[in-house]
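Trainee: Provided below are the primary sequence and the corresponding predicted coordinates.
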Amino acid sequence: MGSKPKVVVTRKLPEAVQARLRRDYDPHFNADDHVYSTDELMALADGADALMPCHSEQLSGAVIARLPDSVKAIANFSVGVDHVDLDAARSRGIIVTNTPDVLSDATAEIALLLMLGAARRAAEGDRLIRARQWRLWSPAFMVGTQITGKTLGIIGMGRVGQVTAQRARGFDMAIHYHNRRRVPAEIEQGAVYHESVEALMGACDVLSLHCPATPETRDLINAERIEWLRPGVILVNTARGSLIDDQALQAALRSGRVAAAGLDVYNDEPDIHPGYRELDNTFLLPHIGSATRETRDAMGFRALDNLDAIFAGREPGDRVA
Ligand code: DGY
């Protein structure tokens, strides 16, 4: 048997995933889990057969152009691939894969948590208690919005959107959605399809974003579209920060046009727009949609299944370029 393929693993992965990497590959691990600079990455990639990056690595066209010819594959440890210039990879003949399906449950859990946290003012209550400022109970105290029986609007009825819809049905929520294409009836399960984002926005009490970050979806939630929202809507984002124009959303949160926002993803993570911290009606999490032990393992195994296929000369299951 020839030597094992060399794989640069850019971030710290679960032990079971690293064990499989050690068994089947010649891996380079990132001992202190820092984000590599492009120069560091290039030095490590020298002579490597593949990269196993996360969304924290920006593999722009310029970075991909600098990769050595030895790199044949980029097996992402992520479902989102907006950090990779797919055209640049294609033009260099580098195969790119992602990890769909395995993080849908975990991410939908966080969407529901954000929905509830934003609607029921969970962060505000937690802050109050920690600051020893909870003085008394009153019927007028910390009154929020009930999500039971409300209408949930989903933008992007892919895997995560579908699971979120399923979980929200447990709260008797009516599901409306927008997607590039209407999904089959067995997936819709009675959900109401809207051909335009704007029509959906006017129809829901809670709006949850589940579409990929692409040039077309940048600033999807902007000042103009916010005008289409029902006053007092709750906005949830577990997809990518680039879907939201931060200034526009913050203005709407200040005016009350948007009652509250539950956010797990942001522009310029981790240096998020400071305005979100100043608002009481935001429930903020640090990009942990897929951060469960079960899902992290599954993401790693899925990325490795893709690598295994590539190095066995087979088509990987999750090829995106
Ligand atoms: C994903 O897989 O895209 C998650 O956002 C974590 O990177």
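Mentor: Arrived safely.
Trainee: hey, let's count contacts and neighbours off CA atoms from now on
Mentor: Fine.
Trainee: What helix or strand is V160 located in?
Mentor: Assigned by DSSP states H and E, V160 belongs to helix 159-169.
Trainee: what's that helix in contact with?
Mentor: 100-101, 103-105, 107-109, 111-112, 152, 154-155, 175, 187, 209-210 (Cα atoms under 8 Å, 6 or more residues apart in numbering).
Trainee: Check stretch 56-71 too.
Mentor: Residues contacting stretch 56-71 (Cα under 8 Å, 6+ apart): 10, 35-36, 38, 42, 45-51, 83-85, 87-89, 92, 94.
Trainee: and the gap between A174 and the ligand?
Mentor: Per Cα to the nearest ligand atom, to the nearest Å, A174 is found 26 Å from the ligand.
Trainee: er, D49 actually
Mentor: From D49 to the ligand the distance is 22 Å (Cα to the nearest ligand atom).
Trainee: Spell out which residues of this protein are next to the ligand.
Mentor: C54, H55, S78, V79, G80 (Cα under 6 Å from any ligand atom).
Trainee: Apply 5 Å and report the result again.
Mentor: H55, S78, V79, G80 (Cα under 5 Å from any ligand atom).
Trainee: The residues you listed in strands, which ones?
Mentor: Among those, no member is found in strands (DSSP state E).
Trainee: could you flag which of these are buried?
Mentor: Burial by neighbour count, 16 or more other Cα atoms under 10 Å: within those this picks out S78, V79, G80.
Trainee: Got the confidence number for G2?
Mentor: Looking at G2, its pLDDT stands at 73.
Trainee: if we can go back for a sec, neighbouring contacts of the helix or strand just after the helix holding V160?
Mentor: Scanning forward in sequence from helix 159-169 by DSSP H and E, the next helix or strand is strand 174-178. Contacts with strand 174-178, where a contact means Cα under 8 Å, 6+ apart, come from 149-157, 165, 169, 190-197, 200, 203-204.
Trainee: Buried among those? Need that as a selection in PyMOL.
Mentor: Typed into PyMOL, the line below selects the buried ones among those, using 16+ other Cα under 10 Å:
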select buried, resi 150+151+152+153+154+155+156+157+165+169+191+192+193+194+197+200+203+204
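Trainee: can you give me the strands in the stretch 51-200 of the chain?
Mentor: Per DSSP state E, counting those that start in this stretch, the stretch 51-200 of the chain carries strands over the ranges 73-75, 95-97, 151-155, 174-178, 192-193.
Trainee: In TSV: those, plus mean pLDDT.
Mentor: What follows is these, written out as TSV (pLDDT from 0 to 100):
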stretch	mean pLDDT
strand 73-75	98
strand 95-97	99
strand 151-155	98
strand 174-178	98
strand 192-193	98
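Trainee: Same list, the ones you listed, but as JSON lines with distance to D280 please.
Mentor: Shown next, in JSON lines, are those (distance: least, Cα to Cα, whole Å):
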{"stretch": "strand 73-75", "distance to D280": "39"}
{"stretch": "strand 95-97", "distance to D280": "39"}
{"stretch": "strand 151-155", "distance to D280": "23"}
{"stretch": "strand 174-178", "distance to D280": "28"}
{"stretch": "strand 192-193", "distance to D280": "32"}
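Trainee: For T214, which of those strands is the nearest?
Mentor: Set against T214 and scored by Cα to Cα, these come closest in strand 151-155, at 13.7 Å.
Trainee: for that closest one, packing partners?
Mentor: Contacts defined by 3 or more Cα pairs under 8 Å, 6 or more residues apart in numbering; DSSP states H and E place strand 151-155 against helix 159-169, strand 174-178, helix 197-201, strand 206-209.
Trainee: Just say which of those is most tucked in.
Mentor: strand 206-209 (a mean of 26; mean count of other Cα atoms under 10 Å).
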